[in-house]
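S.K.: The following block contains a protein sequence and its predicted model.
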Amino acid sequence: MKSVTEIDSNLIALLDAEREITRLISTYPYLVDGGKFDEIAKLLEHATLVVPGSVVKGRAEIEQYFVSGIQRHYDETPRTWHAVSNILVNVDLDKDSATSTSYFTVHQELPEFPLQAICTGRYEDRFAKLDGTWQFIRREVVAHLMGDVKFHVS
């Protein structure tokens, strides 16, 4: 039987892992909406990124994917606003691994394009603790409902 101290330390480790992973999930949309493609590549540098029609891996490939595939507009951003919700994180502390699923909705607005939702879907993520830090090791973007993305993707 585990002692109270062991249970407490496991619970703290689990909550810390969930908090760190949720922060990674939440950081991604800030970077995308800010047009910070180099920082996205750093965030996903240990990951394989799977999006409809493409699979890219490693910092250089991921940055190139964003630079060539996502349009930036007059303010050097995609003019998008990602909302992430329904985040479910499952952590396996024994294996230093975790999975998560979450929903996303992307809105976009430009002078010639009124504010509107352009797509929804979910992120299917895997994480590993590498050198003491939680990292993405896989992000799969699964589209659900698609609107007008002509000003978003190339």
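M.R.: That came through, no problem. All of these numbers come straight from a predicted model, not from anything done at the bench.
S.K.: elements contacting the worst-scoring helix or strand of the chain on mean pLDDT?
M.R.: Using mean pLDDT, DSSP states H and E, the weakest-scoring helix or strand in the chain turns out to be helix 4-33, at a mean of 91. Where contact means 3 or more C-beta pairs under 8 Å, 6 or more residues apart in numbering; DSSP states H and E, helix 4-33 is packed against helix 37-43, strand 80-92, strand 97-110, strand 113-130, strand 133-146. Quick note: C-beta positions are derived from backbone N, CA and C, even for glycine.
S.K.: My guess is Arg139 contacts Val50. True?
M.R.: Yes. In terms of C-beta atoms under 8 Å, Arg139 counts as a neighbour of Val50; the distance is 7.1 Å.
S.K.: Next, the angle from the least confident helix or strand of the chain to strand 97-110.
M.R.: Regarding helix 4-33 and strand 97-110, their directions subtend 30 degrees when assessed with axes from the mean of the first three to the mean of the last three C-alpha atoms, to 10 degrees.
S.K.: Check the offset of helix 4-33 from the chain's centre.
M.R.: Put simply, helix 4-33 sits 14 Å off its chain's centre (C-alpha atoms, centre = their mean, to the nearest Å).
S.K.: Export the helices and strands packed on helix 4-33 to CSV and append columns for distance to Ser154.
M.R.: Listed next are those as CSV, based on distance: least, C-beta to C-beta, whole Å:
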stretch, distance to Ser154
helix 37-43, 13
strand 80-92, 14
strand 97-110, 14
strand 113-130, 14
strand 133-146, 16
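S.K.: nearest to Ser9, of the ones you listed?
M.R.: Across these, the minimum distance to Ser9, taken as C-beta to C-beta, is reached by strand 80-92, at 14.3 Å.
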